[in-house]
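Asks: quick one, structure for this:
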Amino acid sequence: MAAGTQNLGADDAGSASLSPSGEGISRATVWFLAISVGVIFVNITAPQTLIGVIASELRISEGWSGLVGTASLLGYAVGLFFLVPLSDLIENRGLVIFMLAIAVTSAIGAALAPAELPFLALLFLLGASCSSIQVLVPIAAAMARESERGQVIGDVMSGVMVGVLLSRPIASLVADTLGWRAFYVLSAASMAVLISLMRTRLPLRRPEARIRYPVLIASLATLLRTEPLLRRRSLTAAFGFAAFTVFWTAVALHLSQAPFNLSQSHIALFALVGASGAVVAPLAGRAGDHGWTRRLSITAHVVTIFGFGLAALASRLSGPVWWPLALLGFAAIILDVGVVTDQTLGRRAVNLLRPEARGRLNALFVGIFFLGGALGSAAAGYAWAHGGWPLVCTVGAGFGTLSLISDFAGDHASRR
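Replies: The predicted model follows:
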């Protein structure tokens, strides 16, 4: 596989090479990368909002309809572990463009899919190719000066968090007005535009590794075994993301019932409120660059737990309905601030470990915390069915507490 893809990043006329000379990365490039990862990531979680309309049109049974929401997530996880490590082996700009071309093709195919099986297969392929996001992170980290690396990573990854939070309302609004197939057409068009821009805006990044693909994949286990900081930051991020998905999986159900009784469109607007929490990503990265990682990490875990406390309190307030709704919105922002801060600091720490293995380190870090997100989503469904919103808040706060405990229990020597 490696041999067959080594030429993906062949030099274009006039293209720039990635230089570690210390010039740094321009703000225009940083924001271009942030917008890019946001646009790409919308494809990963948007299908969860479209399950009902897609299952109805494609005649997917109730028992199998959940695959609509998980196919792209599973594909993304596979891409993290088996495609993203290629960024340590293959020229990065060409690899991203190649993966995005597959994503565009898959999105168009999904829009035209006539039946259940081809649609789910194309969603899986779309999710796998969208893992190109995690190839863009090493590019940004390599372009940045070490003194600004945390800030740059935070800026770029703010695009991911905005994509996470906006994917559901965007998908809902497009499906309501133009139909669910139009969402995938628009997504394909957006990624096609990104491809054309990346050819001129991104420099070449040629990795240092010179190993075969099977050895590259096998080295994932070695990295996880030999890097205690990677294990600790991945674990705290996994529990934090589990708390995040507990809240956002169950809150739509909570808002659709009394006393709120919100429509789908109003729930989409509520999700926009939570997106504001992503603004802390560049601030957290900058704080990490100034040596505040340890204190800010602990604060992030505590803030996450506090967010669930506010969310639980909101359900107990009496009086006008806008009071508990406002408190719940504030809780969403607080919760997102805690989770985004922890993830940004974790990414910064991981990207400082081994420059020659940034692709694999990102693959492991993101893959592990996405497993935590899957666990949180499953836990949210169980908690909602058996204890309603109070149990959801308890479970979410529990994951936040586990994140705090795992941070304290980590190898002290690995902290930075």
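Asks: host element of the most centrally placed residue in the chain?
Replies: Taking Cα atoms, centre = their mean, the centroid of the chain lies closest to residue 160, which sits 5.0 Å from it. Using DSSP states H and E, residue 160 maps to helix 149-178.
Asks: look up phi and psi at residue 262.
Replies: phi -80, psi 150 (degrees, to the nearest 10).
Asks: that one: neighbouring residues, count only.
Replies: Neighbourhood size, residue 262 [other Cβ atoms under 10 Å]: 17. The way it works is simple: take the backbone N, C-alpha and C, and place the C-beta from them, glycine included.
Asks: list the contacts of the nearest residue to it once chain neighbours are set aside.
Replies: Excluding the flanking residues, the one nearest residue 262 by Cβ to Cβ, 6 or more residues apart in numbering is residue 255, at 4.5 Å. Contact analysis of residue 255 by Cβ atoms under 8 Å, 6 or more residues apart in numbering lists 262, 266-267, 270, 328.
Asks: from residue 261, how far out is residue 255?
Replies: Applying Cβ to Cβ, to the nearest Å, the value for residue 255 to residue 261 is 8 Å.
Asks: what of residue 167?
Replies: Taken as Cβ to Cβ, the span from residue 167 to residue 261 is 24 Å.
Asks: these two: which has the busier surroundings?
Replies: Between residue 167 and residue 261, counting by other Cβ under 10 Å, residue 167 is the more crowded of the two (22 against 10).
Asks: per-residue confidence at that one?
Replies: With respect to pLDDT, residue 167 has a value of 80.
Asks: show me what contacts it?
Replies: Contacts of residue 167 by Cβ under 8 Å, 6+ apart are 41-46, 49.
Asks: and what of residue 103?
Replies: Residue 103 sits in contact with 40, 43, 126, 129-130, 132, 188, 191, where contact means Cβ under 8 Å, 6+ apart.
Asks: so residue 269 sits against residue 169, correct?
Replies: Yes. Using Cβ atoms under 8 Å, residue 269 is in contact with residue 169, at 7.0 Å.
Asks: pick out whichever of the two has more residues nearby.
Replies: Taking other Cβ under 10 Å, residue 269 and residue 169 do not tie; residue 169 has more neighbours (21 against 14).
Asks: I figured that one hits residue 268, correct?
Replies: Yes. Counting by Cβ under 8 Å, residue 169 touches residue 268, with 3.3 Å between them.
Asks: for residue 317, grab phi and psi.
Replies: Per degrees, to the nearest 10, the backbone of residue 317 is at phi -70, psi 140.
Asks: and the residue nearest to it when sequence neighbours are not counted, how many neighbours does it have?
Replies: Distances taken as Cβ to Cβ, 6+ apart put residue 324 closest to residue 317, at 4.3 Å, once the chain neighbours are dropped. Using other Cβ under 10 Å, the number of residues around residue 324 comes to 19.
Asks: against residue 359, how distant is residue 324?
Replies: For residue 324, the distance to residue 359 - Cβ to Cβ - is 45 Å.
Asks: tell me the domain ranges of this protein?
Replies: The record's domain parsing of the chain by automatic domain parsing lists 22-207, 221-416.
Asks: quick one: those domains as a markdown table, columns for distance to residue 214 too.
Replies: Formatted as a markdown table, the domains of the chain follow (distance: least, Cβ to Cβ, whole Å):
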| stretch | distance to residue 214 |
| --- | --- |
| domain 22-207 | 11 |
| domain 221-416 | 12 |
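Asks: go through those domains and name the closest to residue 213.
Replies: Shortest distance between residue 213 and these, using Cβ to Cβ, is found for domain 22-207: 6.9 Å.
Asks: hmm, back to that, do I have it right that the residue nearest to the centre of the chain meets residue 131?
Replies: No. Counting by Cβ under 8 Å, residue 160 sits too far from residue 131 to count as a contact (11.7 Å).
Asks: sec struct for residue 221, please.
Replies: What DSSP: H, G, I helix; E, B strand; the rest coil gives for residue 221 is helix.
Asks: where's it relative to residue 279, distance?
Replies: 36 Å.
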